[in-house]
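Student: give the three-dimensional model of this entry:
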Amino acid sequence: LVMNMNDEMMTESRPLLAHVGDVVEEGKERDQMQSQSTTEQQQQKQKRIEEEREPKRELSSVGASINMFKLLLGAGLLALPRAFSNSGLMAGALLFGVLGLLCWFTQLLLLWSKDAAIQRGISPHRVQTYAGLGEVALKGGFGRWVLTISVSTLQLLFCSAYVLVISRTLHSYIPGLPHWAAAVVMMPVLLLLASIHWIQNLTFVSAFGIIVYVCGVIGMTSYFAIKSISHGGVPVEDVVWSRLPLFIGSSLYCLEGINGTLPIAGGMKNPKNAPGALLVALMTFSIVGAGFASLGYAAGFSTAAGGVVINALPQGIPKIIVEWALAAALLCTHPLQLFPAREIIEEHVISILFPSHSSSISSSSSSSSSSTTSLPPISMSSMSSIKKDSRLNFKLKHKRAIEIVIRSIIRFVLVGITCAIGAAVNDFGPFADVVGSFFLGFAGFILPSVIYLRMIGFGHSIGSRAIAIGSVLTLLGGLVFMVIGGYAAITQ
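Tutor: Below is the predicted model:
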């Protein structure tokens with residue numbers, strides 16, 4: 001009787017057990033689908049964030065040339081007549097053109113290295129900055145730190161020179177305003193300009209700066225220089241061998257735009273036109289700079305206080321116009337010069353604070369799948385897995401907002417550093433010599449050559465070997481600039 005009752009109970013319970021089994025399987029499939037759906041949502045949101053961080057390709061060749069020309073058209077031009085007085089008129093004009101071609105060659109080295117990295121499967125986002133390309137070429141974080149420190153320091157020093165000139169202009173017209181207070185007054189405007197994130201959006205600022213600088217600074221200074229030359233001017237020399245090393249620092253300070261190469265080329269509609277656009281900008285600036293410096297040297301403006309040519313202009317309304325036009329032009333150039341440094345530092349900090357969420361998502365998905373294989377559909381483990389995915393979704397949803405806050409803080413700190421250095425430095429001429437010789441010799445010549453040799457090397461064709469040999473010679477030239485030019489600048 002008992003055996004018969006057991007058989008009847010088993011027979012009656014089979015449908016219920018089968019139903020429970022079906023519910024368990026449905027729970028497993030439901031958890032797997034929820035986990036897969038959550039993972040796909042995270043990946044799609046991460047992809048949208050990366051697309052937002054990618055620069056839009058809207059720059060034409062003309063726009064790229066304008067941005068690079070304006071990047072070069074900075075405070076360094078003011079000390080160029082002083083550099084020509086150290087080299088001589090003919091030697092200065094010739095060497096200035098040669099250095100312009102060398103700077104263009106180093107820019108090409110970076111562009112070729114970036115193309116080689118992309119062909120190897122490296123994400124274009126990783127190599128859109130100088131520091132990112134250096135990290136890929138130098139194999140690891142050490143290379144990124146070297147590039148981050150050197151490039152960021154160089155750009156901050158450039159921006160500090162702008163603050164130096166502008167603050168001195170404010171102080172000259174408001175004697176009761178200390179230099180540091182003038183720098184503090186400039187900070188809100190500089191922060192506003194630095195909030196324009198992508199470099200192609202700064203084209204209108206570049207165009208305005210070029211108009212002000214060319215018409216106000218170069219035009220008015222050249223007018224007074226020609227007027228002075230017509231009255232006799234000062235004696236000039238063709239070559240001054242004893243002071244020729246002093247020419248290196250200030251001329252490199254004027255010509256080097258290595259930090260803006262990759263951002264400008266990356267923002268172009270057709271990046272293949274980048275070499276031509278950069279060459280046009282560099283050669284145009286070389287011609288304009290050599291002519292401006294030659295006039296200033298022949299007029300005797302090279303002996304102006306602090307090595308700044310506008311200090312030699314006669315007092316009056318024209319000088320007031322030139323000084324304020326210069327201040328406006330440098331103010332517009334500040335965000336362009338700050339862009340490479342803040343982009344490098346921002347990306348570096350963001351990569352540290354927000355590493356890829358892919359591992360977290362995959363681990364969450366795998367843990368959810370493994371838990372559902374051995375647990376019933378309605379379980380605390382499944383619920384915790386869903387909650388974990390929800391937390392990841394929340395973090396990813398607010399990641400962009402947190403990034404904006406972090407980037408704003410970084411920009412505030414960088415602008416503050418440039419204002420502090422600009423308020424502390426007193427003499428622009430020696431400042432330009434030291435910065436040009438040491439920092440530009442390293443960041444502008446040595447590092448691009450090393451990056452190219454690590455990424456491409458000597459190759460097998462005659463052309464690639466010739467470029468590699470040229471990069472080696474450029475590297476040695478950078479060492480010479482650092483040693484000879486830096487020693488001459490410091491001793492002077």
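Student: helix or strand for Ile352, which one?
Tutor: Using DSSP states H and E, Ile352 falls within helix 317-353.
Student: now do that helix: distance to the chain's middle.
Tutor: What separates the centre of helix 317-353 from the centre of its chain is 11 Å, taken as CA atoms, centre = their mean, to the nearest Å.
Student: tell me the helices and strands packed up against it.
Tutor: helix 61-72, helix 130-137, helix 141-173, helix 179-194, helix 203-212, helix 219-230, helix 261-266, helix 380-424 (3 or more CB pairs under 8 Å, 6 or more residues apart in numbering; DSSP states H and E). (Glycine included, C-beta is placed from N, CA and C.)
Student: mean confidence for that helix?
Tutor: On average, the pLDDT along helix 317-353 is 80.
Student: quick one, it and helix 179-194 angle?
Tutor: For helix 317-353 against helix 179-194, the angle by axes from the mean of the first three to the mean of the last three CA atoms, to 10 degrees is 60 degrees.
Student: angle of helix 317-353 against helix 61-72?
Tutor: Comparing the axes of helix 317-353 and helix 61-72 via the same axes, to 10 degrees yields an angle of 100 degrees.
Student: check which residues of helix 317-353 are buried.
Tutor: 319, 322-350 (16 or more other CB atoms under 10 Å).
Student: cool, and stretch 247-260?
Tutor: Quick answer for stretch 247-260 (16+ other CB under 10 Å): 247-260.
Student: same list (these) but as TSV, adding pLDDT.
Tutor: Putting the buried residues of stretch 247-260 into TSV (pLDDT from 0 to 100) gives the following:
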residue	pLDDT
Phe247	90
Ile248	88
Gly249	88
Ser250	86
Ser251	90
Leu252	89
Tyr253	88
Cys254	87
Leu255	86
Glu256	77
Gly257	81
Ile258	83
Asn259	78
Gly260	81
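Student: just those now: which is nearest Asp115?
Tutor: Asp115 lies nearest to Ile258 out of the buried residues of stretch 247-260, by CB to CB, at 16.8 Å.
Student: which member of the buried residues of stretch 247-260 is positioned nearest Cys215?
Tutor: Cys254 (19.3 Å).
Student: any idea which element that closest one lies in?
Tutor: Cys254 belongs to helix 246-255 when assigned by DSSP H and E.
Student: same check, this time on Ala274
Tutor: Per DSSP H and E: Ala274 is located in helix 274-298.
Student: tell me how far stretch 130-144 lies from the chain's centre.
Tutor: Put simply, stretch 130-144 sits 14 Å off its chain's centre (CA atoms, centre = their mean).
Student: tabulate the CA atom coordinates of the helix holding Cys254 in CSV.
Tutor: Taking C-alpha atoms only, helix 246-255 is exported to CSV below (Å, rounded to 0.1, in the frame of the first residue of the first chain):
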residue,chain,number,x,y,z
LEU,A,246,72.6,83.6,-29.0
PHE,A,247,70.5,83.6,-32.2
ILE,A,248,69.3,80.0,-31.6
GLY,A,249,67.1,80.5,-28.5
SER,A,250,65.0,83.4,-29.6
SER,A,251,64.6,82.1,-33.2
LEU,A,252,63.4,78.7,-32.1
TYR,A,253,61.1,80.3,-29.6
CYS,A,254,59.4,82.1,-32.6
LEU,A,255,59.3,79.1,-35.0
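Student: what's in contact with it?
Tutor: 72, 74, 76-77, 79-80, 82-84, 86-87, 91-92, 95-96, 99-100, 103, 282, 285-286, 289, 307, 429, 432-437, 440-441, 444, 481, 484-486, 488-489, 492 (CB atoms under 8 Å, 6 or more residues apart in numbering).
Student: again, 7 Å this time
Tutor: Applying CB atoms under 7 Å, 6 or more residues apart in numbering, the external contacts of helix 246-255 come out as 72, 76-77, 79-80, 82-83, 86-87, 92, 95-96, 99-100, 103, 289, 432-437, 440, 444, 481, 485, 488-489, 492.
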